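Novice: what's the 3D shape of this:
(one chain, ligands or ions: 3)
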Amino acid sequence: MQFLVLGAAAGGGLPQWNCGCPNCNDARTGKIPSASQSSLAVSVDGNNWAVLNASPDIRMQMQACPRMHPRSLRDTPISSVLLTNGDIDHIAGLLSLREQTPFTLFGTSEILDLLTANRVFDAVNAEKVSRRSVAIGASFMMLSNLEAQVFPVPGKVPLFMEGETVKTDLVGEQTVGVRLSDGTHVAYYIPGCAEVTEDLLTTIEDADQLFFDGTLWQDDEMIQSGTGVKTGQRMGHISISGPDGSIAQLAHLKARKTFIHINNTNPVWQPNSPERAFVLENGWDIAADGMEIAL
Ligand code: MLT
Ligand code: MN
Ligand code: ZN
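Specialist: Ligands and ions are numbered 1, 2, ... in the order given. Below you'll find the predicted structure:
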């Protein structure tokens, strides 16, 4: 199984269009690498690829990766796309994939219903791009040689669907993780997760590779940095640090572990930060655009 990180950043990207935080400014001047929005490509044979989440940056992401280029006049190496939630950073890229080239679009019923309810997604012609709803726990083939299953992960409905009150640790079809297996290795992709539960720990026990929500270093990071008013918990994202954070909660897992979906405020973007050093010392990688991992 091989992975290509198309976009390592969380919604907004690094730099984010309206953000003048130190990380975003450093990315603008090239002092630190930029990162595009949340997406991961996976393949077994290196020819046919599945894309996990279609970010608003998908056009540039594909341009930057020769293996994503068409191999003939009208073509794509992308056989399928899977959505892990209905957030804008994971669905808006579908609109760039609207030019009548077939692929299969996988998602839970609840996530696909969001697309059906919004007619702008009719632009992705359902006669060419078949929408296949996948049930929690049921196996399906994302590629002819790649088996997948989705499982619920604590999270919330997309920001644009929030009502008066918001439950941020819903466990159901609105936020899922993905298990991928080529018969030899097992990988998990969980770009959004509010909490590491016992169920989740049991699910990912057999991981060789884990891609996991690295949105924030600490829960009040947006407040502390003056960039926002919400905590990570309110946004449905667990933090990396702290006793309830992902490093502590997943310490025992014997998989290779990679943080992905990293917010632009996160200090781990800075090459010489103590936070980045801490992450690496604890056996985690930090995703970057263009990063390749082969199992
Ligand atoms: C998130 O991951 O929390 C969302 O992408 C936020 C957003 O929609 O901007
Ligand atoms: Mn996001
Ligand atoms: Zn910023």
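Novice: how about Val157, nearest residue that isn't a chain neighbour?
Specialist: Gln174 (5.3 Å; C-beta to C-beta, 6 or more residues apart in numbering). (C-beta placed from N, C-alpha, C; glycine too.)
Novice: and that neighbour, that one's in a helix?
Specialist: No: if the criterion is DSSP: H, G, I helix; E, B strand; the rest coil, then Gln174 is coil and not within a helix.
Novice: hmm, it is touching Lys156, no?
Specialist: Yes: taking C-beta atoms under 8 Å as the definition, Gln174 is a contact partner of Lys156 at 7.1 Å.
Novice: can you give me the strands in the stretch 51-200 of the chain?
Specialist: Using DSSP state E, counting those that start in this stretch, the strands assigned to the stretch 51-200 of the chain run over residues 78-82, 103-107, 129-133, 140-143, 146-152, 176-181, 186-190.
Novice: helices of the stretch 1-150 of the chain, residue ranges please.
Specialist: Listed in chain order, the helices of the stretch 1-150 of the chain (DSSP state H, counting those that start in this stretch) span residues 22-29, 58-64, 88-91, 109-117.
Novice: relative to ligand 2, which of those helices is closest?
Specialist: Between ligand 2 and the helices of the stretch 1-150 of the chain, the shortest gap by C-beta to the ion is with helix 88-91, which sits at 4.2 Å.
Novice: OK, contacts around the residue nearest to Ala138 when sequence neighbours are not counted?
Specialist: In space, Ala138 comes closest to Gln149 once its chain neighbours are excluded; the distance is 6.7 Å by C-beta to C-beta, 6+ apart. Shown in contact with Gln149 (C-beta atoms under 8 Å, 6 or more residues apart in numbering): Gly137, Ala138, Ser139, Phe140, Val178, Arg179.
Novice: name the SS class of Leu210, please.
Specialist: Assignment for Leu210 (three-state DSSP): strand.
Novice: surely it touches Lys257?
Specialist: Yes: in this structure, Leu210 sits in contact with Lys257. The criterion is C-beta under 8 Å, and the distance is 4.9 Å.
Novice: now list whatever residues contact both of the two.
Specialist: Counting by C-beta under 8 Å, 6+ apart, the common neighbours of Leu210 and Lys257 are Leu250.
Novice: let me know the pLDDT of Asp244.
Specialist: Per-residue confidence (pLDDT) for Asp244: 97.
Novice: give me the nearest residue to it, chain neighbours excluded.
Specialist: Ile238 (7.4 Å).
Novice: give me the residue from the stretch 51-200 of the chain nearest ligand 3.
Specialist: With C-beta to the ion as the measure, the residue in the stretch 51-200 of the chain that lies nearest ligand 3 is Asp89; the distance is 14.8 Å.
Novice: ah, wrong one, I meant the stretch 101-250 of the chain
Specialist: For the stretch 101-250 of the chain, the residue positioned closest to ligand 3 under C-beta to the ion is Thr227, at a distance of 6.0 Å.
Novice: the stretch 1-150 of the chain against ligand 2: which residues are in contact?
Specialist: Ala10, Gly11, Asp87, Asp89 (C-beta under 5 Å from the ion).
Novice: and the gap between the closest residue to the second one other than its chain neighbours and ligand 1?
Specialist: Pointing back at Gly11 there. Distances taken as C-beta to C-beta, 6+ apart put Asp89 closest to Gly11, at 3.6 Å, once the chain neighbours are dropped. Using C-beta to the nearest ligand atom, to the nearest Å, we find Asp89 at a distance of 4 Å from ligand 1.
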